[in-house]
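K.L.:
Sequence unavailable; structure follows:
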């Protein structure tokens, strides 16, 4: 099954790709690698689930924020490549989690993105990953994802 | 116009490339990609605009720190490649911003680097980017940039 | 001398490669680049030297934590490639250091990984590097390393 068909089956509708807020661009293709700009949890045109983990949000809410941020990343991938079906492999995901003092469950948050990647892309969705606590993220986002995808 | 000529036209003189303070090196070329080490705002041989955003520095000062750090990155690029004119494309920039509690304007700071990249390299300077808040940076630097460049 | 022989000469025994705690995988090979997942200081099956630099651990302890984390990265490299001798070049290391307020000696910590890379791989071990302060790391790890290696 194609990834686009899988998305339909899962009932997922991607948001419009986020517009960069400065002079950078959503993604750069170099060779077979597509480097994406950082994405945050935009939904219906605005940032949702703001704040820091360990203070403003539960791990479950962080998981959902990571899931929503990933949809924005996929919207960029589709917009750049024409279709998710051109994804050969998800290479690497760094997940930054806005973390209050003492919060150490960054992996549980970023799983919201990792789990969805694997549900959509199957084995090709299994990626190298780092989850890191940030002292703050743009516009008080709770999660920021940086993705590299291999294109066929 | 060549990028080196553009630099002259803009009146920009690059600093000497920063020397790594340990066993790593300024950059590694692999295939067509040049991965640079993290650079901080060195000027005239010393770190400037130290401290954290949201406490010690304004966004405008952070923007200037990012601009200065980028000059150090470009000095490495020229030193590694012989000339900026061998840059085919700027691929990806991660900007870490030392952030005090509550600071969320990392994009406004890293624009200091992004804007200069586009002014020098034009369309080839438009890059994928992530701006992230760090809990602290080497030697109390306010900004650290990590750059990947595609070489022709 | 082969890198595997060098390891034996240095008396280093790699740990078993760490198992990801979620749906991601330890590493992804794309073209000639091996992207590794973030590794933390696991030893004898458990996390050691937990906590934040600048509060719970000295720089010397952080250096040791980075050294141990790197052994876990090398265990992944060997497990993925069959042998460390397939490493052509170490490309890039990002070292995240869990940092309490005011800690700015991230480079001294990440040297624990950089120094070992150079001792094992010689010139091929010299890498591009960024050292960054994190607001918190998974499971209270003091250090997390993200490595990219070029494969021959």
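P.N.:
Received the coordinates, thanks. These numbers were taken from a predicted model, which means no experiment stands behind them.
K.L.:
Just the terminal-to-terminal distance for stretch A:83-90.
P.N.:
14 Å (CA to CA, to the nearest Å).
K.L.:
And chain B, is it touching that?
P.N.:
No - using CB under 8 Å from any CB of the partner chain, we find that stretch A:83-90 stays clear of chain B, coming within 15.6 Å at best. (Each C-beta comes from the backbone N, C-alpha and C, glycine too.)
K.L.:
hmm, stretch A:34-48 in reach of chain C?
P.N.:
No - Stretch A:34-48 stays clear of chain C (CB under 8 Å from any CB), getting no nearer than 11.0 Å.
K.L.:
and that stretch, how far out from the chain's middle?
P.N.:
7 Å (CA atoms, centre = their mean, to the nearest Å).
K.L.:
Going by neighbour count, which residues of it are buried?
P.N.:
Residues A:34, A:35, A:36, A:37, A:38, A:39, A:40, A:41, A:42, A:47, A:48 are the ones in stretch A:34-48 that count as buried (16 or more other CB atoms under 10 Å in any protein chain shown).
K.L.:
what mean pLDDT would you report for stretch A:68-84?
P.N.:
Stretch A:68-84 carries an average pLDDT of 97.
K.L.:
which residues touch it?
P.N.:
Contacts to stretch A:68-84, defined as CB atoms under 8 Å, 6 or more residues apart in numbering or on different chains, come from residues A:2-4, A:7, A:12, A:14-18, A:26-27, A:29, A:34, A:36-37, A:39-43, A:48-49, A:87, A:112-113, A:116-117, A:120, A:141, A:143-145, A:147, A:149, A:151.
K.L.:
Can you flag the buried ones in those residues?
P.N.:
For the contacts of stretch A:68-84, buried by 16+ other CB under 10 Å: A:3, A:7, A:14, A:17-18, A:26-27, A:29, A:34, A:36-37, A:39-42, A:48-49, A:87, A:112-113, A:116-117, A:120, A:141, A:143-145, A:147, A:149.
K.L.:
So which residues on chain A come close to chain B?
P.N.:
Residues of chain A lying near chain B (CB under 8 Å from any CB): A:20-28, A:30-31, A:35-38, A:94, A:96, A:98, A:133-141, A:144, A:146.
K.L.:
Can you name the element that comes right after the helix ranked longest in chain A?
P.N.:
Ordering each helix of chain A by length in residues (DSSP state H) puts helix A:59-81 first. Toward the C-terminus, helix A:59-81 is succeeded by strand A:87-98 as the next helix or strand (DSSP states H and E).
K.L.:
And that following strand, what does it pack against?
P.N.:
Counting contacts by 3 or more CB pairs under 8 Å, 6 or more residues apart in numbering or on different chains; DSSP states H and E, strand A:87-98 packs against helix A:59-81, helix A:106-121, strand A:128-134, strand A:143-151, strand B:128-134, strand C:27-30.
K.L.:
Distance to residue C:108 added to these, as CSV?
P.N.:
What follows is the helices and strands packed on strand A:87-98, written out as CSV (distance: least, CB to CB, whole Å):
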stretch, distance to residue C:108
helix A:59-81, 31
helix A:106-121, 24
strand A:128-134, 19
strand A:143-151, 26
strand B:128-134, 16
strand C:27-30, 27
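K.L.:
Figure out which of those is closest to residue C:107.
P.N.:
strand B:128-134 (13.4 Å; CB to CB).
K.L.:
what angle do the closest one and helix A:59-81 make?
P.N.:
160 degrees (axes from the mean of the first three to the mean of the last three CA atoms, to 10 degrees).
K.L.:
so how many other residues sit close to the nearest residue to residue A:3 once chain neighbours are set aside?
P.N.:
Nearest residue to residue A:3, sequence neighbours excluded (CB to CB, 6 or more residues apart in numbering or on different chains): residue A:84, at 4.2 Å. Here the number of neighbours of residue A:84 (other CB atoms under 10 Å in any protein chain shown) works out to 20.
K.L.:
Now do the contacts for residue A:115.
P.N.:
Applying CB under 8 Å, 6+ apart, the residues near residue A:115 are A:67, C:22, C:23.
K.L.:
Please report how far the last one lies from residue A:110.
P.N.:
What that stands for is residue C:23. Taking CB to CB, to the nearest Å as the measure, residue C:23 falls 10 Å from residue A:110.
K.L.:
quick one, which of those two is more surrounded?
P.N.:
Neighbour count, other CB under 10 Å: between residue C:23 and residue A:110, residue A:110 has more, with 30 against 17.
K.L.:
Would you mind listing the buried residues in the longest helix of chain A?
P.N.:
The neighbour-count check on helix A:59-81 (16+ other CB under 10 Å) flags A:59, A:61-78, A:80-81 as buried.
K.L.:
Indicate which one of the helices and strands packed on strand A:87-98 is closest to residue B:102.
P.N.:
strand B:128-134 (10.0 Å).
K.L.:
partners of residue A:35 in the sheet?
P.N.:
residue A:28, residue A:148 (DSSP bridges).
K.L.:
Please apply the same query to residue A:134.
P.N.:
residue A:98.
K.L.:
Just give me the neighbour total for it.
P.N.:
Residues lying near residue A:134 (other CB under 10 Å) number 31.
K.L.:
distance between stretch A:73-82 and the chain's centre?
P.N.:
Using CA atoms, centre = their mean, the offset of stretch A:73-82 from its chain centre is 12 Å.
K.L.:
Sorry, slip of the keys, the one I care about is stretch A:128-138.
P.N.:
Per CA atoms, centre = their mean, the centroid offset for stretch A:128-138 relative to its chain is 12 Å.
K.L.:
Equivalent analysis for stretch A:102-111, please.
P.N.:
For stretch A:102-111, the distance to the chain centre is 15 Å (CA atoms, centre = their mean).
K.L.:
Buried residues in it, which are they?
P.N.:
Buried residues in stretch A:102-111, counted by 16+ other CB under 10 Å: A:103, A:104, A:105, A:106, A:107, A:108, A:109, A:110, A:111.
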